[in-house]
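# pasting the sequence and the predicted coordinates here, then a few questions.
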Amino acid sequence: MAKLIIEGGHRLSGQVTVHGAKNGALPLMAAAMLIGEPVQLLNCPRLSDVEHMGRLLKGLGCLVQWQGDTLCIDAGGASSLALPKSSAGAIRSSAFLLGPLLGRFGAAEVPYPGGCNIGDRPLDLHLKGLKALGIRVEEGSGCIRCYGRPKGGVEISLEYPSVGATENLIMAACGAEADTVLVNPAREPEVDDLMVFLNAAGFALRREGSSRIRIRGGGKGRGLLHRVLPDRIEAGTFLTAAAITGGKVLVRGARGEHMSALLQTLREAGCRIRTTAEGVELTGPERPKEIRFSTMPYPGFPTDMQSQVFALCTLAKGTSLVEETVFENRFAPAAELRRMGADCRIRGRTALIRGVKALRGAEVTARDLRGGAALVLAGLAAQGITEVYNAQVLSRGYENLAAALKGLGASIRKEDQSP
Ligand code: UD1
């Protein structure tokens, strides 16, 4: 257990380099299972979710090792098709292993996966899609058991463009006998990166317009080297940290084109933003303006940035309105922000935030990854000392966040939290 101790009131300034994307690396790691030859993931972030996925792969008989920031995975010797029940609890991405295991071996068993406590995260779309591919699915005793080689030869229409379901079904369909078309797939950049990876590995996938992905069946993968795309959520968190402290930060390696909805919202809040080949630079306002935004699937405003921008709204001049349409529990940090003097009311999926002139430091608890990041940002701007308890959840999605913020001029340190 760890806590972060932050002395607020320091404007952030300088440069920071974005890491590889958590949500990019996890499906690529799962895809290594489908390929079954050595895969090297360059620029892979060292996050607890990534380490956990590595342990899951090892448990299935893969070789997994780090060489600097490159993660090498060889699933050639994978021998087990079942994940032990104890292993999958911590991250939801264990469900990603269903598709690759089925695509390669025609059988898979995973325990019901865990993840952040941010609402109901069912797997119905994953399982419906697998059934449409010709897989027999059995659920019971905390496990999902799947049997049969994916047949393909179908069009699968997703009722909602779920990121995980799209990635899982893409990987299963790569191992199918015939072509598969996914209708209404997720459009997140991490899905495209997975497609680039799988195409480079020898499979054949392409987008047909924005609402269909065609996956050729009968393919076989070969080993490859791939660079994980930059983390748009980590980059967005640094930019919002600059915004909330009225600072100026260049996030090197950030890809502005992956962050359009967020950057537009930050501009509406009064930030000046420059997007160049080098990265994205933000200059924060003296005080943010009131804003309105709704989270949406990509290219809409990302739910993974809602909490951080919520924190920014607590200091805005005027009343902001935030609608969360993706995960119902994502307003959990509001209660902690109130302890810091924020004035916010939650009604179902909508939050009304009356901006206050200043937040004050307090003892708060990070309950989920992005909510925890929001509390850190609030602490950076607050008067006095903020202590963020349970801060180890941040290492699920941020590599050395405290060190990076310190490098930008924040006064922040990590301490062990006594139980
Ligand atoms: C991924 C990201 C997560 C991000 C989310 C939305 C990874 C590892 N995680 O999560 O950081 O917040 O996308 O951008 O990439 N749903 C169903 N049935 C299903 C699947 C999903 O109803 O079978 C619902 C969920 O409850 C949720 C919505 O669809 O309301 C979005 O979920 P989804 O896009 O699947 O998110 P994840 O892939 O879990």
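Nice, thanks for sending it over.
# in the protein, what residue lies closest to the ligand?
Nearest to the ligand in the chain, going by C-beta to the nearest ligand atom, is residue 164, at a distance of 2.7 Å. All C-beta spots, glycine's among them, are computed from the backbone N, C-alpha and C.
# so what does the helix or strand hosting that residue touch, helix or strand wise?
Secondary structure from DSSP states H and E places residue 164 in helix 163-174. Packing partners of helix 163-174 (3 or more C-beta pairs under 8 Å, 6 or more residues apart in numbering; DSSP states H and E): helix 22-35, helix 98-105, helix 124-132, strand 180-183, helix 189-200, strand 212-215.
# helices of the stretch 151-300 of the chain, start to end?
For the stretch 151-300 of the chain, the helices defined by DSSP state H, counting those that start in this stretch occupy 163-174, 189-200, 232-244, 260-268.
# so for the second one, mean pLDDT?
Read it as helix 189-200. Average pLDDT, helix 189-200: 98.
# name the residues of it that come out as buried.
For helix 189-200, a neighbour-count test (16 or more other C-beta atoms under 10 Å) marks 189-195, 197-198 as buried.
# rewinding a little: dump the helices and strands packed on helix 163-174 to a markdown table, plus distance to residue 74.
Formatted as a markdown table, the helices and strands packed on helix 163-174 follow (distance: least, C-beta to C-beta, whole Å):
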| stretch | distance to residue 74 |
| --- | --- |
| helix 22-35 | 8 |
| helix 98-105 | 14 |
| helix 124-132 | 26 |
| strand 180-183 | 27 |
| helix 189-200 | 16 |
| strand 212-215 | 24 |
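# residues from the stretch 251-400 of the chain in reach of the ligand?
303-304, 326-327 (C-beta under 6 Å from any ligand atom).
# so which of these is the most crowded?
The residue in these with the most neighbours, by other C-beta atoms under 10 Å, is residue 304 (26 neighbours).
# doesn't residue 233 make contact with that one?
Yes. If you go by C-beta atoms under 8 Å, residue 304 and residue 233 touch, sitting 4.6 Å apart.
# between the two, which contacts overlap?
Common neighbours of residue 304 and residue 233 (criterion: C-beta atoms under 8 Å, 6 or more residues apart in numbering): 23, 370.
# poorly predicted segments of the protein, please.
Counting by pLDDT under 70, the chain contains low-confidence ranges at 84-93, 113-121, 419.
# quick one, domains of it?
Using automatic domain parsing, the domain parsing of the chain gives 2-19+230-416, 22-227.
# okay, how far is it across the last one, tip to tip?
If I follow you right, that is domain 22-227. End-to-end span of domain 22-227 (C-alpha to C-alpha, to the nearest Å): 13 Å.
# centre of the chain to that domain, how far?
Counting by C-alpha atoms, centre = their mean, to the nearest Å, domain 22-227 is centred 15 Å from the centre of its parent chain.
# how about the first one?
Relative to the centre of its chain, domain 2-19+230-416 is centred 15 Å away, using C-alpha atoms, centre = their mean.
# ranges for the strands of the stretch 1-150 of the chain?
2-7, 13-17, 39-42, 63-67, 70-74, 107-111, 136-140, 143-147 (DSSP state E, counting those that start in this stretch).
# just send those strands back as JSON lines, with mean neighbour count and distance to the ligand too.
Converted to JSON lines, the strands of the stretch 1-150 of the chain look like this (neighbours: other C-beta atoms under 10 Å; distance: least, C-beta to the nearest ligand atom, whole Å):
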{"stretch": "strand 2-7", "mean neighbour count": "21", "distance to the ligand": "21"}
{"stretch": "strand 13-17", "mean neighbour count": "16", "distance to the ligand": "21"}
{"stretch": "strand 39-42", "mean neighbour count": "20", "distance to the ligand": "15"}
{"stretch": "strand 63-67", "mean neighbour count": "13", "distance to the ligand": "18"}
{"stretch": "strand 70-74", "mean neighbour count": "21", "distance to the ligand": "16"}
{"stretch": "strand 107-111", "mean neighbour count": "21", "distance to the ligand": "14"}
{"stretch": "strand 136-140", "mean neighbour count": "12", "distance to the ligand": "12"}
{"stretch": "strand 143-147", "mean neighbour count": "19", "distance to the ligand": "12"}
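# ok, residue 370 - contacts?
Contacts for residue 370 (C-beta under 8 Å, 6+ apart) come out as 116, 118, 233, 304-308, 330, 397.
# show me what secondary structure element comes after the helix or strand harbouring it.
Applying DSSP H and E as the criterion places residue 370 in helix 369-381. As assigned by DSSP H and E, the chain's next helix or strand after helix 369-381 is strand 385-389.
# would you mark the buried spots in that following strand?
Applying a neighbour-count criterion of 16+ other C-beta under 10 Å, one finds 386-389 buried in strand 385-389.
# packing partners for it?
With contacts defined as 3+ C-beta pairs under 8 Å, 6+ apart, strand 385-389 has these neighbours: strand 2-7, strand 363-365, helix 369-381.
# list of residues touching that strand?
Against strand 385-389 from outside (C-beta under 8 Å, 6+ apart): 1, 3-8, 340, 361-366, 372, 375-376, 378-379, 417.
# hmm, residue 49 is touching residue 396, no?
Yes. Using C-beta under 8 Å, residue 49 is in contact with residue 396, at 4.8 Å.
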